[in-house]
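> The sequence isn't on hand, but the structure is:
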């Protein structure tokens, strides 16, 4: 077995670190446009896009905070170095988000002990004018101040983003419909992963207001939010553990991996395409976006206890036949988001396996075009 830590890499140069975060700022900025394109096509509902946008914005805040934290990597001894997974994901490693969550819990205390941003800027100007030196220590102090300010604002994408429920209306008097959504930064693959579960609730009290079932359901879903588990496994486990909660549609969105000729070392055709493209700085990247979906196609009654029965779901794919056993989903759609130059190289090379992959191509002006 290989040690995953061997795939991790630290950015030790200030300019390289800033380029890395600049690249992600650009990429994340395009994700909202991709979601809007999917809404126009009817692949995502308006509510889906609102949920997705919330997590995309949170991801942007997370990268902004980390950019402040590591702004002086390589220029100041105590600035630290960002560790990212350059082989599997291209994203920061899971431990970076755990550290950030710990820092967020103590952000108020750190900010209380720091001079204000305005005071630090005035001190920096004084050092430049009076001492004719670069105020590196003050610059670093300001970057840390901005880091903790970003954490204190909240609404970031954390390692765990616990489930929230949105009421979708009532099917009938005794059956409510909810969209439950949550997200994790998956520790196995170092990628942001978003989940959406549409369920029907036949309990006496609506799920989000039920102080017995809701904490249980939240804990169950978070414990099952692992990339290695198939959607079928997650949905069946939930269906069997909660007799009055009926999962009708479960989706999982993997944001990444990110491929970059400058930063990552993944093998495969996308790396070759980026090498062939010779794209300028800022355009040498591609981001994979994968959506998995599992649908319930029918229900059955199952005995429970001595005399009772409960409702159980029949999911659209037989887990023992065809692609059902392979994917554990009713549908899997893979897409890639990439700038024009890499897309042109992809079309010229036409590597095997990419004919059924959706391509979202970003123009220099930021417009997103969709190709099959």
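Perfect, thanks for sending it. All of these numbers come straight from a predicted model, not from anything done at the bench.
> for this protein, which strand is longest?
strand 285-304 (DSSP state E).
> Just checking: what are the partner strands of it?
With DSSP bridges as the test, strand 285-304 is paired with strand 245-260 (antiparallel), strand 308-315 (antiparallel), strand 331-339 (antiparallel).
> Reformat those strands as CSV; add distance to residue 289 and mean neighbour count.
(Glycine included, C-beta is placed from N, CA and C.) Shown next, in CSV, are the strands paired with strand 285-304 (distance: least, CB to CB, whole Å; neighbours: other CB atoms under 10 Å):
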stretch, distance to residue 289, mean neighbour count
strand 245-260, 6, 22
strand 308-315, 24, 16
strand 331-339, 4, 19
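> Tell me which of these lies nearest to residue 212.
strand 245-260 (12.2 Å; CB to CB).
> that older thread, quick one: mean pLDDT over the longest strand of the chain.
On average, the pLDDT along strand 285-304 is 86.
> pretty sure residue 20 contacts residue 264?
No: judged on CB atoms under 8 Å, residue 20 makes no contact with residue 264 at a distance of 10.4 Å.
> overlap in contacts of these two?
Common neighbours of residue 20 and residue 264, counting by CB atoms under 8 Å, 6 or more residues apart in numbering, are absent.
> how about the helices of this structure, start to end?
Secondary structure of the chain (DSSP state H): helices at 14-40, 46-69, 94-105, 107-112, 117-126, 136-153, 213-223, 231-241, 269-277, 322-327, 340-349.
> which of the residues in the second one are buried?
This means helix 46-69. Residues 48-49, 51-52, 54-69 are the ones in helix 46-69 that count as buried (16 or more other CB atoms under 10 Å).
> mind listing what residue 65 touches?
So, once contact is read as CB under 8 Å, 6+ apart, residue 65 ends up touching 100, 147, 150, 151, 156.
> any idea which of those has the most stuff around it?
residue 151 (24 neighbours; other CB atoms under 10 Å).
> residue contacts, it?
65, 100, 103, 104, 107.
> before we move on, what about residue 196?
Taking CB under 8 Å, 6+ apart as the test, what residue 196 contacts is 48, 51, 179, 180, 181, 249, 250, 251, 253.
> Now with 6 Å, please.
181, 251 (CB atoms under 6 Å, 6 or more residues apart in numbering).
> Now do it, the pLDDT please.
Here, the pLDDT recorded for residue 196 equals 98.
> Residue 33 too?
On the pLDDT scale, residue 33 gets 89.
> got the contact list for it?
residue 368.
> which intervals of the stretch 251-372 of the chain have sub-threshold pLDDT?
303-307, 318-325 (pLDDT under 70).
> one more time with 90, if that's ok
Applying pLDDT under 90 to the stretch 251-372 of the chain flags the ranges 256, 260-284, 297-328, 341, 345, 347-357, 362-372.
> ok, now the stretch 51-200 of the chain?
Along the stretch 51-200 of the chain, the model assigns pLDDT under 90 to residues 72-80, 87-88, 131-137, 139, 171-174.
> How about the residue positioned nearest the centre of the chain: what's its closest non-neighbour residue?
Centroid check for the chain by CA atoms, centre = their mean gives residue 192 as the closest residue, at 2.4 Å. Of all residues not flanking residue 192 in the chain, residue 255 sits nearest, at 4.5 Å (CB to CB, 6 or more residues apart in numbering).
> Look up how far residue 187 lies from the one you found.
Separation of residue 255 from residue 187 (CB to CB, to the nearest Å): 15 Å.
> most distant residue from the middle of the protein?
Most distant from the centre of the chain: residue 130, at 46.6 Å, with distances by CA atoms, centre = their mean.
> Residue 264: neighbour count?
Residue 264: 24 neighbours (other CB under 10 Å).
> Can you pull the phi and psi angles for it?
Main-chain torsions, residue 264, degrees, to the nearest 10: phi -100, psi 160.
> what residues are up against it?
Residues near residue 264 by CB under 6 Å, 6+ apart: 86, 90.
> one step back: so the residue nearest to residue 192 bridges to which residues?
With DSSP bridges as the criterion, residue 255 is bridged to residue 289.
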